[in-house]
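J.: Task: produce atomic coordinates for the following.
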Amino acid sequence: MALVRCSLLFGGGLVAAGLAVMGAGSAAAAQPVVAANGILCDLVRTVAGPAVAVACLVPDGADPHDYRLSARDRASIQSASVVFLNGYRLSPALERLGRLKRTVKVAEVAVPSSPGRDPHVWHNPLQAAAMAKVVSRQLKSDVAPSARGSIDARVARVDSVLTQLDRWAADQFATVPKAHRVVLTEHDALSSLARRYQIRYVPLMRSFASGGPLRPSSLREISQAAQASGTKVLFSESKATSKTLRRISKTSGLPVYGQPIVVDGVAKGKSYVATFVSNVCTFVNAQGGRCDRSSGDRIASRWKAI
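T.: Down below sits the predicted model:
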């Protein structure tokens with residue numbers, strides 16, 4: 001897999017991930033760091049600003065569970081001062097990097113007792129804020145002393161935006177009739193969101209299937225559970241609805257909603273906050289609520305302006 005390089009703009013110049021300097025006439029270089037996936041890339045870029053140059057391993061929209069290190073990725077990792085990983089085995093291929101390079105498993109530090117060791121902790125914005133604080137502490141030990149004050153200011157703004165995002169999300173979910181506050185997906189990735197906002201969560205394949213091809217008996221159980229759950233729709237995790245979800249939809253009579261929920265990172269070309277806003281509105285509108293998308297988009301704009 002080719003390395004995706006995330007660039008930063010400042011002082012009228014473009015800084016590419018690697019050995020780019022911080023600006024004309026500046027003696028300090030942007031510190032090269034690596035972030036494993038889109039969530040971490042966005043958090044690190046937002047917290048650090050121009051103090052670091054971030055190389056992102058997993059492209060937006062790609063599945064971090066299936067990521068494999070390429071030779072180019074290894075070279076970038078070797079040149080980085082620190083590698084930010086999610087942890088909780090989100091990307092098993094990266095688990096051994098700690099033996100070769102200084103790494104921080106951000107989700108494990110931020111949420112040390114994630115139930116079931118679920119790696120998808122960012123679906124709760126307050127846990128994402130805790131991840132940002134972990135990133136901030138690490139960056140301040142790596143960058144020039146002159147950059148530390150800026151990082152403190154930026155992480156404070158991050159915390160403010162994510163606190164606002166959490167309140168906004170709670171307000172949107174409250175518009176959904178209680179009987180329909182349930183989300184059904186194929187896999188177990190939204191537990192943090194469900195716990196935070198008191199949504200019933202049914203990861204169909206984990207709850208009713210034991211792996212491998214879906215047996216007729218399991219399909220019947222899944223379909224009956226879906227029908228009894230109160231959900232109006234099934235949610236896909238990608239734009240291409242899987243064959244399994246199509247079978248469940250056909251058997252249960254529940255439609256697959258036209259807009260997927262992004263569960264494993266950020267949507268292509270979007271920030272963490274913009275992706276979260278989109279996910280919330282997808283769920284709320286599908287289940288009979290009224291999502292205030294314009295307010296959510298304003299929060300995403302605040303994030304982008306940090």
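J.: which regions of the stretch 51-200 of the chain sit below the pLDDT cut-off?
T.: 100 (pLDDT under 70).
J.: quick one: the strands in it?
T.: 52-56, 83-85, 103-105, 182-185, 200-203 (DSSP state E, counting those that start in this stretch).
J.: Turn the ones you listed into JSON lines, including distance to Arg45 and mean neighbour count.
T.: In short, each C-beta sits where N, CA and C put it, glycine included. Formatted as JSON lines, the strands of the stretch 51-200 of the chain follow (distance: least, CB to CB, whole Å; neighbours: other CB atoms under 10 Å):
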{"stretch": "strand 52-56", "distance to Arg45": "5", "mean neighbour count": "25"}
{"stretch": "strand 83-85", "distance to Arg45": "11", "mean neighbour count": "25"}
{"stretch": "strand 103-105", "distance to Arg45": "16", "mean neighbour count": "22"}
{"stretch": "strand 182-185", "distance to Arg45": "28", "mean neighbour count": "22"}
{"stretch": "strand 200-203", "distance to Arg45": "30", "mean neighbour count": "18"}
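J.: and of these, who's closest to Leu69?
T.: strand 83-85 (11.3 Å; CB to CB).
J.: before we move on, back to that, between the strands of the stretch 51-200 of the chain, which one is closest to Ala240.
T.: Closest among the strands of the stretch 51-200 of the chain, once you apply CB to CB, is strand 182-185, at 14.7 Å.
J.: Domain-wise, how is this protein divided?
T.: The chain breaks down into these domains under automatic domain parsing: 4-146, 173-304.
J.: quick revisit: can I get the strands of the stretch 51-200 of the chain in JSON lines with distance to Ile248?
T.: Converted to JSON lines, the strands of the stretch 51-200 of the chain look like this (distance: least, CB to CB, whole Å):
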{"stretch": "strand 52-56", "distance to Ile248": "34"}
{"stretch": "strand 83-85", "distance to Ile248": "33"}
{"stretch": "strand 103-105", "distance to Ile248": "34"}
{"stretch": "strand 182-185", "distance to Ile248": "9"}
{"stretch": "strand 200-203", "distance to Ile248": "11"}
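J.: do you know which of the ones you listed lies nearest Leu245?
T.: Of the strands of the stretch 51-200 of the chain, nearest to Leu245 by CB to CB is strand 182-185, at 8.7 Å.
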